[in-house]
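**Q** need the 3D shape of this:
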Amino acid sequence: MLQPRPRISRRRALQGSAAAFVAFGLLLWWLLPLGEKSPGGTISISTGTQNGVYQLYGELLQKALAKDMPGLDVTLETSEGSQQNVQRVATGEADFTIAAADAVERYVLDHGEGAALLRGCARLYDDYVHVVVPRTSSVESIEQLRGKRVAVGQPGSGVRLVANHVLKAAELDPQKDIRPVSAGIATMPELLETGRIDAFFWSGGLPTSAVTDLSHRFDIRLVPIGPELVKKLHEQRGEAGYYRSAVVPPDAYHKAQAGDPVQTVAVANLLVTHAGTDPALTEGVTRAVINSRDRIGEKVHAAQRVDLRTAIYTDPLDLHEGAGRYYRSVKP
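**A** Okay, here's the model as predicted:
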């Protein structure tokens, strides 16, 4: 025999509704603290050269911020790379940027304008140093670049900084022992393909689309940077201490590597801001960077390396107050 359903009193029903409302309110408080509006206004992000990873990452982050903070207007400013990026944020020309740790340290050691006011938001992904030559080239090591026409990045770029260090580690004077060419990743591939340079340096995430595209239309290979050079790099001290031994995996550039890994050096990239940046804004930008990792990683594969567990380590910079607040909010 079916039993009649127990009747729920009006009082109990109201209690249940009240409990549900409180739970919903707590959820809202957790997602967006009461009394805090999503930051608005206009900010600028200094990115990098056209066709470079920084520029593409910036474009994708701009879209992520538009979704997470719709009241925020984000403008992107192209640059020559890390060194110029650091200078822009330090002097207030930009609010956020991506820069390699070696370039940040160089600016700090040089006591650049506003250096003491630089702050970190997140450790992102590593840049890998590429030394690209035609497959038919006789160059098998960095030392054999002597006398060659070598594109070493634009002045103010992170590429120029690391290229100079690697060349010095190989006992080559960057100004006298090679024929340096100022060029960025937007023009390096064409210069190599048309025979106007013999090699080029590039430092970027894996894979860099400009190198991939070049490998599909022109036969190239990567020159290794072995552990012995890394040891000599560390002997240079200063910002060179941020370089570490790394391996370009076999599938990074399939046509260029023919299935073989390549020894090289890598350096961490940081999301950088200024000490005076609003903490709520910095917290929101840091959250967007972490939460958009998978979406950005679909097009910038290097971004898949962004990890909440290591993002907090922004050496050589202190963590910004707002970024620290974000990491505390997600701490288990």
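**Q** quick one: least confident helix or strand in the protein?
**A** In the chain, the helix or strand scored least confidently by mean pLDDT, DSSP states H and E is helix 10-31, which has a mean of 44.
**Q** in terms of secondary structure, what does whichever helix or strand comes after that one contact?
**A** The helix or strand immediately downstream of helix 10-31 is strand 41-46, counting by DSSP states H and E. Helices and strands touching strand 41-46, by 3 or more Cβ pairs under 8 Å, 6 or more residues apart in numbering; DSSP states H and E, are helix 53-68, strand 72-77, helix 82-90, strand 96-100. Every residue, glycine included, has its C-beta placed from N, CA and C.
**Q** given strand 41-46, what are its sheet partners and their directions?
**A** Sheet partners assigned to strand 41-46 using DSSP bridges are listed as strand 72-77 (parallel), strand 96-100 (parallel).
**Q** what is the orientation angle of it with helix 53-68?
**A** Per axes from the mean of the first three to the mean of the last three Cα atoms, to 10 degrees, the angle that strand 41-46 makes with helix 53-68 is 160 degrees.
**Q** could you list the low-pLDDT ranges of the stretch 1-150 of the chain?
**A** Scanning the stretch 1-150 of the chain for pLDDT under 70 picks out the ranges 1-37.
**Q** T78 versus H130, what's the distance?
**A** Distance, H130 to T78, using Cβ to Cβ, to the nearest Å: 20 Å.
**Q** pick out whichever of the two has more residues nearby.
**A** Taking neighbours as other Cβ atoms under 10 Å, H130 and T78 compare with H130 leading, 28 against 16.
**Q** and the next helix or strand past the strand or helix carrying that one?
**A** H130 is part of strand 118-134, with elements assigned from DSSP H and E. Later in the chain than strand 118-134, the nearest helix or strand by DSSP H and E is strand 149-151.
**Q** check which helices and strands the next helix or strand after that following strand is in contact with.
**A** Downstream of strand 149-151, the first helix or strand assigned by DSSP H and E is helix 158-169. Helix 158-169 sits against helix 82-90, strand 96-100, helix 101-109, strand 118-134, strand 199-204, helix 227-235, strand 262-274, with contacts defined as 3+ Cβ pairs under 8 Å, 6+ apart.
**Q** repeat that for 7 Å
**A** helix 82-90, helix 101-109, strand 199-204, helix 227-235 (3 or more Cβ pairs under 7 Å, 6 or more residues apart in numbering; DSSP states H and E).
**Q** most neighbours per residue, which of the helices and strands packed on strand 41-46?
**A** Comparing those by mean neighbour count (mean count of other Cβ atoms under 10 Å), strand 96-100 ranks first with a mean of 30.
**Q** now the residue nearest in space to the middle of the chain: how far from P174?
**A** Nearest residue to the geometric centre of the chain (Cα atoms, centre = their mean): N269, 4.2 Å. From N269 across to P174, the span is 23 Å (Cβ to Cβ).
**Q** then A303?
**A** 31 Å.
**Q** ok, the two, which is more surrounded?
**A** Between A303 and P174, counted using other Cβ under 10 Å, A303 has the larger neighbour count: 24 against 16.
**Q** quick one: closest of the helices and strands packed on helix 158-169 to N164.
**A** Among the helices and strands packed on helix 158-169, the nearest to N164 by Cβ to Cβ is strand 199-204 (9.3 Å).
**Q** could you tell me the angle between the closest one and helix 82-90?
**A** For strand 199-204 against helix 82-90, the angle by the same axes, to 10 degrees is 40 degrees.
**Q** use 48 as the first number for this chain going forward.
**A** Okay, using 48 as the starting number, the last item reads as strand 246-251.
**Q** what packs against strand 246-251?
**A** strand 165-181, strand 196-198, helix 205-216, helix 235-240.
**Q** E275: which of those is closest?
**A** E275 lies closest, by Cβ to Cβ, to one member of the helices and strands packed on strand 246-251: helix 205-216, at 8.8 Å.
**Q** neighbouring strands - and their directions - for whichever helix or strand comes after the closest one?
**A** Next in sequence after helix 205-216, counting helices and strands by DSSP H and E, comes strand 226-228. Strand 226-228 has the following strand partners under DSSP bridges: strand 196-198 (parallel).
**Q** identify the residues contacting the partner strand?
**A** With Cβ atoms under 7 Å, 6 or more residues apart in numbering as the contact definition, strand 196-198 has outside contacts at I225, R226, P227, V228, A230, M235, L238, I244, D245, A246, F247, F248.
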